[in-house]
Every structure is written in C-alpha cells, then in structure tokens.
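1. here is a sequence with its predicted model. Questions after.
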Amino acid sequence: MTKANRFWTLIIIFLIAVIIVGSLIAWSKYLPNRPIEILMSPAEEWQGEVYIDGAVNNPGAYPLTTEDAIKDIIQAAGGTTTEADFNQIRLYIPKTGEAEPPQKVNINRAEAWLLQALPGIGEVRAQAIIDYRQQNGRFRHINELTKVEGIGTATFENIKHLITVDD
C-alpha cells in the first residue's frame, strides 16, 4: 500500500466517522421530546385583613385569604356605588410594625350608635348630626360638621382623623 492510498484511506475513515457522529447528533435533536416536568413548591397559605374604603357600600376591614380575589373583597363590602372608578383602584401593603390607620366613620351614612363611638360625640350630638344630614343633605366635606349644633372646633379637631364623607 502506498503512502497516497493510506492517506486517502485515513481521510475516508475520518469522513465516515464525521458523517456518523453528525448524523447521530442531528437524529437526537429531532427525536420527539419527552415532556418536561416542572415542579413548583405549593403556594404559601396566609390569612389577614384588608381594609376597603371609597366607592363601596360598606367600607371597613374584611378577612382575606389566599384564594380571595378583588371581586370577593368588593362583594364583602356590599358592592360598589355608582360613583366607583375601577381605573383608580389602589392597594397599600403596610410594612411590618407600621400602625394601621383607624377605620373612618362616614358621617353621611353612619347610624347613631356608630357616631357615638367617636370621641366627644354622645347620644345628643349623634342625633344632631343625623338631624342636620336629614335637613341639609349629605356633607360635602368633613369641615361642614362644625355647622352641626353642639360640635365646635375643639370637638372637630379631636375627630377629624376618624371621619370621612366618601361615598
């Protein structure tokens, strides 16, 4: 066997090996894929409360679980009023240790017993607020509360952070 024949024999063997290896790689890429198994840890279960205010019928704090959706919370709050703007929904999550804001009393809808829960508002002043509301219509701003007989600036200053007129 001459040197030239050996050379060509080696080249042919090398080319056959390259073709076989290349074919095996190509064939493995086009095999039907096995399904990919994705393992996810289970979602963390939690419970808490959510405070809903604004254009809902019954603002306040409601229980919240992992499965609840926004529509569930709104439904728990008695649904929305006609003035609800769904383009302006806000969610605020307080930091650990942050004080919760007090639940505000809507002076346009509160019954006497709820108004009496406000500092400095007893039975007589609560009834005066209800009477004023019935005679003059709803309050447009919390400052209007000073127009109610028996509620002065000092009483208003003590409760202004606890009241709202939002509907």
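-> Alright, I've got the coordinates.

2. who's in contact with residue 142?
-> Residues counted as contacts of residue 142 (C-beta atoms under 8 Å, 6 or more residues apart in numbering) are 107, 156, 160, 163-165. (Glycine included, C-beta is placed from N, CA and C.)

3. quick one: it from residue 103, how far?
-> If you measure residue 142 against residue 103 using C-beta to C-beta, to the nearest Å, the figure is 15 Å.

4. ok, residue 60 next?
-> In terms of C-beta to C-beta, residue 60 sits 6 Å off from residue 103.

5. any common contacting residues for the two?
-> Residues touching both residue 60 and residue 103 (C-beta under 8 Å, 6+ apart) are residue 51.

6. neighbour count: these two, which is higher?
-> When neighbours are counted by other C-beta atoms under 10 Å, residue 60 and residue 103 differ, and residue 60 comes out ahead with 16 against 12.

7. can you give me the strands in the chain?
-> 47-52, 60-65, 105-106, 163-164 (DSSP state E).

8. domain assignment for the protein?
-> Per automatic domain parsing, the domain ranges recorded for the chain read 47-88, 105-164.

9. nearest residue to the middle of this protein?
-> Closest residue to the average C-alpha location of the chain: residue 91 at 4.5 Å, with C-alpha atoms, centre = their mean.

10. check what pLDDT that residue gets.
-> Residue 91 carries a pLDDT score of 72 in this model.

11. which among the contacts of residue 142 end up buried?
-> 107, 156, 163-165 (16 or more other C-beta atoms under 10 Å).

12. can you add pLDDT and distance to residue 116 and give these back as a markdown table?
-> What follows is these, written out as a markdown table (pLDDT from 0 to 100; distance: C-beta to C-beta, whole Å):
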| residue | pLDDT | distance to residue 116 |
| --- | --- | --- |
| 107 | 92 | 12 |
| 156 | 92 | 16 |
| 163 | 90 | 13 |
| 164 | 89 | 17 |
| 165 | 87 | 18 |
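
13. which one of those is nearest to residue 127?
-> Distance from residue 127 was checked for each of the buried ones among the contacts of residue 142 by C-beta to C-beta. The minimum falls on residue 107, at 13.1 Å.

14. could you measure the closest one against residue 79, distance?
-> From residue 107 to residue 79 the distance is 21 Å (C-beta to C-beta).

15. just name the most buried of the strands of the chain.
-> Scoring the strands of the chain by mean neighbour count under mean count of other C-beta atoms under 10 Å gives strand 163-164 as the most buried, with a mean of 20.
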